[in-house]
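>>> pasting a predicted model and its sequence here:
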Amino acid sequence: MGRLLLILILACFSSLTLLAQVTKGRDGSTAVPKSTLTPSPTTGKTLKPNPSAQTSPSANRSTSPQVTQNRGGTPTNTSTATKSLPDRAARPSTYAPPTTHTTNKGSSSKGTVQKTAPLKSAERGTVNWMTLEQAMEKSKTEKRKIFVDMYTDWCGWCKHMDSTTFVNASVAKYLNEHYYPVKFNAEQENDIVFKDKTYKFKKNGSRGYHELAAFWLNNRLSFPTMVFLDENQQLIQPVPGYQEASKMEAIINYFGSDSHKKTPWESYEKNFSNKK
């Protein structure tokens, strides 16, 4: 009986010793619960969360420049200067298109622009329109920017701008003094030589378009569109859409004074309106 009791005591002691070895490490420290993080299949090391790798909504946003050819947007706030523009597709836009412009024959895009009442005789002026050939000839003796009013015969908003915006005394005066103002029919059929290249009329369905118009407008044909060329006949920027006289005055001053090279449009427009 005593021997059986001794065997039971020894068995219990052996069990306790084995349990202590399982719950303690070799260095005597208490073992921690197994991590719920899975080990890397390649290194065998435990994968830990990386706070710097956490993504936020803004982290997935594209930083690529966006083309601002929207119909009703606000002017682009661009602080970079528009200097050499050999690649028109990559060039930053310094002024966004206005609310309403005619896009095809007999129709216009929806917008909030209201037709303007005719000006009184004391408020009227006359733009000294010329052809592109005449403007380039004059540029040989006196360097100026060229302002091109791109129109078509069927464009109703083009005709309305002729009878309101371009007869405004302030607009006409500034165009005559700081630009060579050009009327350009985007559907004319005569060949034009511009910067040693000949541009022709292209038939398109029942109508057509002039290649030079498509070149300046980057194949986005909408009318009316104002095209601004610098003193060396390099394209600064096309500005599509009907413009009221007050907005037109600010735009032609913006490019005419070279403010587009250093001042965001929003800042310039605000300051220009405050001075008026």
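In hand now; what should we look at? Numbers count the residues shown, from 1 in each chain.

>>> show me the shaky parts of the chain.
Residues of the chain that meet the criterion pLDDT under 70 lie in 1-122.

>>> packing partners of the one helix or strand K159 maps to?
Assessed by DSSP states H and E, K159 sits inside helix 156-163. Where contact means 3 or more CB pairs under 8 Å, 6 or more residues apart in numbering; DSSP states H and E, helix 156-163 is packed against strand 102-104, strand 145-151. Placement of C-beta: from N, CA and C, glycine included.

>>> list of residues touching the last one?
Strand 145-151 has contacts (CB atoms under 8 Å, 6 or more residues apart in numbering) with 129, 132, 135-136, 139, 158, 161, 166, 175, 178-186, 213, 216-217, 223-231, 233, 236, 238, 252, 255-256.

>>> same thing but at 6 Å, please
Contacts of strand 145-151 with the rest of the structure, by CB atoms under 6 Å, 6 or more residues apart in numbering, involve 135, 158, 175, 179-184, 186, 223-225, 227, 229-231.

>>> which among those end up buried?
For those, a burial check counting by 16 or more other CB atoms under 10 Å picks out 135, 158, 175, 179-184, 186, 223-225, 227, 229-230.

>>> between which two of the residues you listed is the distance greatest?
Spatially, the most separated pair among the buried ones among the contacts of strand 145-151 is C158 and D230, at 24.0 Å (CB to CB).

>>> partners of M130 in the sheet?
For M130, the beta-bridge partners are V182 (DSSP bridges).

>>> give me the number of residues near it?
Burial of M130 is recorded as 16 neighbouring residues (other CB atoms under 10 Å).

>>> and for A250?
So A250, with other CB under 10 Å, has 20 neighbours.

>>> surely it is in contact with E269?
Yes - proximity of A250 to E269 meets the contact threshold set by CB atoms under 6 Å, at 5.5 Å.

>>> looking at the buried ones among the contacts of strand 145-151, which are in strands?
In strands, judged by DSSP state E, the following of the buried ones among the contacts of strand 145-151 are found: 179-184, 225, 227, 229.

>>> quick one on the thing from earlier: angle of the helix holding K159 against strand 179-185?
Angle, helix 156-163 to strand 179-185, by axes from the mean of the first three to the mean of the last three CA atoms, to 10 degrees: 140 degrees.

>>> and helix 156-163 with strand 225-229, angle?
Counting by the same axes, to 10 degrees, helix 156-163 lies at 60 degrees to strand 225-229.

>>> could you give the angle of helix 156-163 to strand 145-151?
130 degrees.

>>> related to what we said a few turns ago, looking at the ones in strands among the buried ones among the contacts of strand 145-151, which is nearest R124?
P181 (16.0 Å).

>>> residues in contact with that closest one?
Contacts for P181 (CB under 6 Å, 6+ apart) come out as 127, 129, 147, 175.

>>> which residues of the stretch 51-200 of the chain fall in strands?
Taking DSSP state E, counting those that start in this stretch as the test, the strands found in the stretch 51-200 of the chain are 102-104, 107-108, 145-151, 179-185, 192-194, 197-199.

>>> which one of the ones you listed is the most hemmed in?
Mean neighbours per residue, mean count of other CB atoms under 10 Å, is largest over those for strand 145-151, with a mean of 23.

>>> direction included, what does that one pair up with?
When DSSP bridges is applied, strand 145-151 pairs with strand 179-185 (parallel), strand 225-229 (antiparallel).

>>> right, and the helix or strand after the last one?
Yep, that's strand 225-229 we're talking about. As assigned by DSSP H and E, the chain's next helix or strand after strand 225-229 is strand 235-240.

>>> which element follows that following strand toward the C-terminus?
helix 245-256.

>>> circling back to that earlier point, ok, of the buried ones among the contacts of strand 145-151, which one's closest to A245?
L175 (11.6 Å).
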